Structure formats: structure tokens, C-alpha cells
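Engineer: below: sequence and its predicted model.
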Amino acid sequence: MSYVVDFTEVSTVGLESSPHAEALAGLRANEARYYRNKYDHTFTTEPAAEAKDTVDFVSRVLKEERDLVIGSPALEATAFEVDGIRMAYVFYESGLSINVMYTVADGGKRAVGFKLCDGMDVPEELSAFKFARQKSRLAGTIRGSYFVIKGEY
């Protein structure tokens with residue numbers, strides 16, 4: 001069952017099993033607000049079991065680009081296209097959010113972004129990355145990092 005993410009009334013729907021459910025819900029709401037304001041897009045997620053193709057796609061990009069395997073179970077995912085950019089998001093039980101941004105046009109921006117919710121430790125598999133801090137009204141302190149995608153997907 002899909003869930004339309006509400007960024008005015010932050011809810012932990014679908015994220016309850018995370019030890020950082022409140023902070024992860026704030027992070028998810030922060031993303032929903034961004035896409036609503038910038039692209040007038042309604043951010044809708046599905047349980048990871050129903051969005052297996054999206055979870056598999058993100059896992060494949062991580063594995064092929066940087067030999068990364070995320071140890072935490074995926075809770076929710078979403079995939080959509082806005083303004084010629086394909087986006088895929090996966091929210092993990094650990095409090096991690098990963099997005100793959102893939103511009104459809106040749107030569108466009110293509111990257112994988114990592115965001116850590118407030119209060120979570122950097123997962124061992126991402127310890128090589130440096131994380132910048134960003135304040136969010138909805139999510140508290142978000143730590144983020146990224147890498148550029150070199151392959152074709």
C-alpha cells in the first residue's frame with residue numbers, strides 16, 4: 001500500500017521498526033517538501049517488499065559503482081521522474097536514506113546521495129565517505145554525502 005508523505009504532519013507510517021523512526025520520518029518529510037516546492041511532485045512511498053524493483057536498482061548501482069552493500073533492511077522505497085530526472089529513494093531501518101539521481105539526457109547529472117537521519121551513526125559500509133551537516137526544521141540535523149555515477153543504468 002503506497003503512502004503519500006505529509007510534510008505538515010510528520011508520520012512514522014512504514015518506518016515504525018526503525019530505532020530512529022521519528023528522525024527518519026522527518027528526513028522523509030524533508031524530501032517530500034523539497035519535491036513539492038521545487039517540482040510540484042507528490043512524494044509517495046511504498047513498502048520495500050512492494051517496491052522490489054526500486055530497491056534492487058539502488059542496490060545494483062551501489063554494488064557496481066562502489067562495491068557497496070547496505071547491511072540494514074530496506075523499509076520503504078519510491079521511484080519517479082521529474083523534469084527529465086529519474087529519482088529512486090530507499091529508506092532503511094538504520095535511519096539511512098539513499099537516492100539515485102539519474103538525468104535522462106546524455107551528459108546530465110547522475111549521482112548517488114546518502115543522508116543519515118538525526119541520531120544515527122555512520123554505517124560501517126559508508127565509513128569512507130565524508131558527511132556534511134545540514135539543518136532541517138523537519139529532520140533536525142541531516143548528514144549527507146554523495147558520489148557521481150560513472151556507468152550507464
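Structural biologist: In hand now; what should we look at?
Engineer: the helix ranked longest in the chain packs against which elements?
Structural biologist: Counting by DSSP state H, the longest helix found in the chain is helix 21-39. The contact analysis (3 or more CB pairs under 8 Å, 6 or more residues apart in numbering; DSSP states H and E) places helix 21-39 against strand 74-82, strand 85-92, strand 96-103, strand 132-136, strand 140-148. C-betas here are computed from N, CA, C, even on glycine.
Engineer: any buried residues in that helix, and which?
Structural biologist: For helix 21-39, burial by neighbour count (16 or more other CB atoms under 10 Å) applies to 21-33, 35.
Engineer: just the CA atoms of it, as CSV, please.
Structural biologist: This file holds the C-alpha atoms of helix 21-39, laid out as CSV (Å, rounded to 0.1, in the frame of the first residue of the first chain):
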residue,chain,number,x,y,z
ALA,A,21,11.6,6.2,13.3
GLU,A,22,10.8,9.8,14.3
ALA,A,23,14.1,11.2,12.8
LEU,A,24,13.8,9.1,9.7
ALA,A,25,10.1,10.2,9.2
GLY,A,26,11.4,13.8,9.5
LEU,A,27,14.0,13.1,6.8
ARG,A,28,11.4,11.6,4.5
ALA,A,29,9.1,14.6,5.1
ASN,A,30,12.0,16.9,4.3
GLU,A,31,12.4,15.2,0.9
ALA,A,32,8.7,15.3,0.3
ARG,A,33,8.7,19.1,1.0
TYR,A,34,11.6,19.6,-1.4
TYR,A,35,9.9,17.8,-4.3
ARG,A,36,6.5,19.5,-3.7
ASN,A,37,8.1,23.0,-3.6
LYS,A,38,10.6,22.6,-6.5
TYR,A,39,8.7,20.3,-8.9
